[in-house]
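Chemist: For reference, the sequence and a predicted model appear below.
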Amino acid sequence: MKHQTLDPIIGLISDLNPHPDEALDPQRVAIASATLERVLRSNARDAARPLATAAMFDRACDIPEGLVGLITAIPVTDTVKEVAGGQVVTTLDRSVLVSVQTPQSFVYDVIVRAHLNAARDGYTGTDDSALVERDGGLVGVVEGSRENIKVTYPADLRVAEAVLRGRAGK
């Protein structure tokens, strides 16, 4: 759902029962409930990824039927190894790995429940998707951007500045 406003919700509430003196039409209630479920989304992003674009938000917010969330991600290009005790355990198959980014979007009640369950259990995930996955939610993946870097170290600020200059055509 692109560029959401409250208009769809207000319209649904108004349309739900245009005649308050009559009983609610069950079919109208079912349609309104299904539509509200698609309208109410929670979008997660963090300050560490300030270069997310509007197009990324649009892709992440269009959650298809059968999924409860979408994450943005890019394919891993580095070789990734599992290490224990200072020794390589195995080399992971990068063809099935992605580097996850924000924005991430979820059906509102699903992400709230996932956070509550994680807090109750003392579980700390590395992102919102991990919490939803832990609760059994199906999360899809959409295209992220190599420019959507995570700003963690001072050198990352210089890269972010270069990206912004490039976007501005300078």
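Modeler: Happy to help now that I have it.
Chemist: Spell out which residues sit in contact with the spatially most central residue of the chain, please.
Modeler: For the chain, the residue whose C-alpha lies nearest the mean C-alpha position (Cα atoms, centre = their mean) is Gln104; its distance is 1.4 Å. Residues counted as contacts of Gln104 (Cβ atoms under 8 Å, 6 or more residues apart in numbering) are Asn43, Ala44, Arg45, Ala60, Gly69, Leu70, Ile71, Thr72, Asp127, Asp128, Ser129. For glycine as for every other residue, the C-beta is placed from the backbone atoms N, C-alpha and C.
Chemist: In those, which residue is surrounded by the most others?
Modeler: Neighbour tally across these (other Cβ atoms under 10 Å): the maximum, 28 neighbours, falls on Ala60.
Chemist: The lengthiest strand in the chain pairs with which strands, parallel or anti?
Modeler: Secondary structure of the chain per DSSP state E: the longest strand is strand 98-107. In its sheet, strand 98-107 lies beside strand 41-44 (antiparallel), strand 69-75 (antiparallel), with partners assigned from DSSP bridges.
Chemist: Just the residues contacting the last one, thanks.
Modeler: The contact list for strand 69-75 (Cβ under 8 Å, 6+ apart) reads 52, 56, 59-63, 94, 97-107, 110-111, 127-129, 132, 137-146, 148.
Chemist: which among the residues you listed end up buried?
Modeler: With neighbours counted by 16 or more other Cβ atoms under 10 Å, the contacts of strand 69-75 contain buried members at 52, 56, 59-61, 63, 99-107, 110-111, 128-129, 132, 137, 139-140, 142, 144-145, 148.
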